[in-house]
Structure formats: structure tokens, C-alpha cells
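K.L.:
here is my input, please return the structure:
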Amino acid sequence: MRFFATDIQWLIDKQSGGPGAPNYTVALLVGCGFEVLAACQGGANRHGETVFAEFLPDEWRLLAGMLYSALRDGLAHGFDTKHLLVDGEEHQIHLHVKGPPGIRFARTDRGIGLFIGTRSIADALCEKITDYEVLLAAARQRPAMLKGACEQSRESGDEGGLKAAAG
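P.N.:
Modelled structure (predicted):
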């Protein structure tokens, strides 16, 4: 999972934020990162929208599935966001890494658009990946710690205490 965080951070650090900035690339990596985290957390169907919802402000969580689909599926399958259909009108999603954080609606020359600042979401995803890696590292150390405790217990003849500690 580290490669997601490394690639996201590299893209953010290297871009200028102007025309040609890899806003869609960052958003696509973030969307895939949500999917990977969902799978690692036991989601056999990889429900990335569940993890995505954790990163949204409370007032946007109800729309997490629709937003996630418009972003991740649109970017992954067409390298463009899907439009949101609200009351029969299509609304374009605009992504930016260097602009203001958060999610907001704003008027454009084509109507009302949804603007998503992906930087704060990307940073939070990278932090969550780091936290998950720390948990994995601790889990990998437990068998070695248990083995060491077993050996120490055998040497001291206190296997009953080990059973109580392990149970």
C-alpha cells in the first residue's frame, strides 16, 4: 500500500497546480487507494465508498456512494469524472489539488459545478495508509513475541502462566 501514498505524494509535490496538473491522476490513485483499504479491512467486495465516506465532512456522507462512483468509476474507466444528475440537470465535477480544500458547489459558465479539493482527502488517505502499515507491522511482530515468550516460559518451567497470558 505504501506505493499509493508514495505516488500520490510525489504527484502533489511535483505539480504546479496550473493547466496540465495531474489532478485526475491524483484523484484516481486516491479512489483506488480507498478500494485497497476497504479490501484490507475485510471488504471482500472492495467497497471503497465505505472508506471514502470516512474522509468526507458529515454533511456529504449520505452522498458518498454516488460521489465515489462518479469519481472513481469515471476516472478509472474513462479518465473523466461522471456528471452528477440532480433534478434532471447534469453537474460537472471539478477536481483540484492546489485549490481550496473541501467540497463546494459554485457557478460556472456551464451551470453549477461541484468542486472537490483532493489534496486534503489525499493527505488523509496517506495518513490512513501509514496507520494501517503500523498495525500490520505490530501484527507481524506478535508471533515472534509469542514464540519468545513460549521459549522463555519453557526455560523457566512456567508454561501455565503462558497459557493464562495467551488466553
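
K.L.:
need phi/psi at Phe55.
P.N.:
Dihedral angles of Phe55 (phi, psi; degrees, to the nearest 10) stand at phi -100, psi 0.

K.L.:
what does stretch 98-111 contact?
P.N.:
By C-beta atoms under 8 Å, 6 or more residues apart in numbering, the residues outside stretch 98-111 that reach it are 15-17, 21, 56-57, 60, 89-92, 94, 112-117, 119-120. Where C-beta positions appear, they are placed from N, C-alpha and C, glycine not excepted.

K.L.:
just stretch 116-135 next, same as before
P.N.:
Residues from elsewhere that reach stretch 116-135, judged by C-beta under 8 Å, 6+ apart: 1-2, 4-5, 8-9, 12, 23, 26-27, 29-30, 33-34, 37, 40, 51, 55, 71, 93-103.

K.L.:
can you rerun that using 7 Å?
P.N.:
1-2, 4-5, 8-9, 12, 23, 26-27, 30, 33-34, 37, 40, 55, 93, 95-103 (C-beta atoms under 7 Å, 6 or more residues apart in numbering).

K.L.:
show me the residues you listed that map onto strands.
P.N.:
Of the contacts of stretch 116-135, the ones assigned to strands by DSSP state E are Ile93, Leu95, His96, Gly102, Ile103.

K.L.:
of all those residues, which two lie farthest apart?
P.N.:
Maximum pairwise distance among the ones in strands among the contacts of stretch 116-135 (C-beta to C-beta): 13.7 Å, between Ile93 and Gly102.
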